[in-house]
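Q: pasting the structure only:
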């Protein structure tokens, strides 16, 4: 229960952290590759588009675990901690581990990784961008109703903070409130 009651969803945490670091002058929203701090997104990163969306929210790198377990053949038997994983992925039991053929599974995982990254690159290129470092909140729209969409920059207005703005007491009101609360 505890682990389900703490923390923030990835989108909220990533946009807030990115915005605070931009506002404090540690990240350059225009050229993230030259930023002093890199952000790694982890959680719910399953597809090329989920990577693209994380980049639009400020991530520099994406980390994924669960989709790789699926590519290994995980069936979510929920027995990881018991040493009785029926697919052999999370067991030391030789009787059960026979299901995990490293030569076959390694190729499968590598193919999954390659196809996932290729899908992200395809979306980046479809937007006319040279690399994922140029993906911005305006590149992702979220449907609000059957007749309305909005870019992430409108859904997360704190993403519009200018570099080092918080240091001079400027920026989106929600960020200023957090910044001033942390500074007092």
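A: Noted; the coordinates are in hand. Note that the coordinates shown come from a computational prediction; the quantities given were computed from them, not determined experimentally.
Q: name the nearest residue to residue 179, ignoring sequence neighbours.
A: Excluding its sequence neighbours, the residue lying closest to residue 179 (CB to CB, 6 or more residues apart in numbering) is residue 166, at 4.6 Å. Every C-beta, even on glycine, is put in place using the N, C-alpha and C of the backbone.
Q: so who does the one you found touch?
A: 20, 23-24, 175-176, 179 (CB atoms under 8 Å, 6 or more residues apart in numbering).
Q: so residue 179 sits right up against residue 171, yeah?
A: Yes: between residue 179 and residue 171 a contact is recorded at 7.4 Å, counting by CB atoms under 8 Å.
Q: quick one, phi psi at the residue nearest to residue 179?
A: Torsion angles at residue 166 (phi, psi; degrees, to the nearest 10) stand at phi -60, psi -30.
Q: give me the below-cutoff pLDDT ranges for the chain.
A: By pLDDT under 70, the low-scoring segments of the chain are 1-3.
Q: ranges for the strands of it?
A: 40-42, 61-63, 141-145, 148-151 (DSSP state E).
Q: list the contacts for residue 122?
A: Per CB under 8 Å, 6+ apart, neighbours of residue 122: residue 48.
Q: gap between it and residue 142?
A: 20 Å (CB to CB, to the nearest Å).
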